[in-house]
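1. What would the 3D arrangement of this be:
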Amino acid sequence: GGQVPCMQVTLFRNREVQTVELRLGEEDGMGTGRLVHWCGAQLQAPHRSVRELGFLPEASGVYISRWHHGSPAHRYGLYALHFINEVNGRPTPDLDTFVEVVRSLKDEDFVRVRVCHLETTQPKVLTLKTDLLYWPTWELRLEPRTCTWQRINISPTKT
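-> Below is the predicted model:
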């Protein structure tokens with residue numbers, strides 16, 4: 001695993017000159033390249049403006065950027081500006097792990113979701129009931145070479 005590069009920065013803060021160490025990040029300029037829709041919530045890795053606010057919870061890879069009216073997310077209070085930290089007690093540090101955890105859920109399963117609010121940093125636990133008939137799990141992935149999106153179904157389809 002690569003180590004995150006750092007650099008020393010001298011700045012003026014609180015009426016004094018200070019030297020602080022900053023971790024460098026990499027931005028490719030493409031923005032969001034993957035969205036997961038689950039129970040009517042639109043999930044993604046935190047985009048740049050969210051990361052720049054300065055607070056990211058420890059497991060911060062699943063960010064709710066939007067929810068849809070009438071969906072289980074709406075009915076049970078799984079709103080935007082939250083990070084999903086756990087599903088049914090299983091940590092979800094990134095979208096791949098989240099998809100792995102929710103893939104096995106069935107229609108009308110009750111699910112316990114631990115979230116953390118972006119602005120207040122307050123954790124809370126919600127319970128919601130899946131509705132895979134009307135709100136299936138699927139994702140969009142951006143193909144950067146062609147700038148086209150591909151939709152991938154995650155929920156099992158009913159025959």
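
2. now the end-to-end length of stretch 141-149.
-> 5 Å (C-alpha to C-alpha, to the nearest Å).

3. Could I get the average pLDDT for that stretch?
-> The pLDDT scores in stretch 141-149 average 92.

4. Name the residues of it that are buried.
-> Residues of stretch 141-149 classed as buried by neighbour count (16 or more other C-beta atoms under 10 Å): residue 142. No exception for glycine: its C-beta is placed from N, CA and C like everyone else's.

5. residues in contact with it?
-> Under the contact criterion C-beta atoms under 8 Å, 6 or more residues apart in numbering, stretch 141-149 has outside partners 30, 32, 33, 34, 140, 150, 152.

6. Export these as JSON lines, with columns for neighbour count and secondary structure.
-> As requested, these are exported to JSON lines (neighbours: other C-beta atoms under 10 Å; DSSP: H, G, I helix; E, B strand; the rest coil):
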{"residue": "30", "neighbour count": "9", "secondary structure": "coil"}
{"residue": "32", "neighbour count": "13", "secondary structure": "coil"}
{"residue": "33", "neighbour count": "14", "secondary structure": "coil"}
{"residue": "34", "neighbour count": "16", "secondary structure": "strand"}
{"residue": "140", "neighbour count": "16", "secondary structure": "strand"}
{"residue": "150", "neighbour count": "10", "secondary structure": "strand"}
{"residue": "152", "neighbour count": "12", "secondary structure": "strand"}
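
7. Return the member of the residues you listed nearest to residue 52.
-> The shortest approach to residue 52 among the contacts of stretch 141-149 belongs to residue 32, at 14.7 Å (C-beta to C-beta).

8. Hmm, residue 46 and that closest one touching each other?
-> No: using C-beta atoms under 8 Å, residue 32 is not in contact with residue 46; the gap is 9.8 Å.

9. Could you list every helix and strand in contact with the biggest helix by length in the chain?
-> Assignment by DSSP state H gives helix 95-103 as the longest helix of the chain. Under the contact criterion of 3 or more C-beta pairs under 8 Å, 6 or more residues apart in numbering; DSSP states H and E, helix 95-103 touches strand 34-38, strand 41-44, strand 82-87, strand 90-91.

10. C-terminal to it, what's the next element?
-> strand 110-117 (DSSP states H and E).
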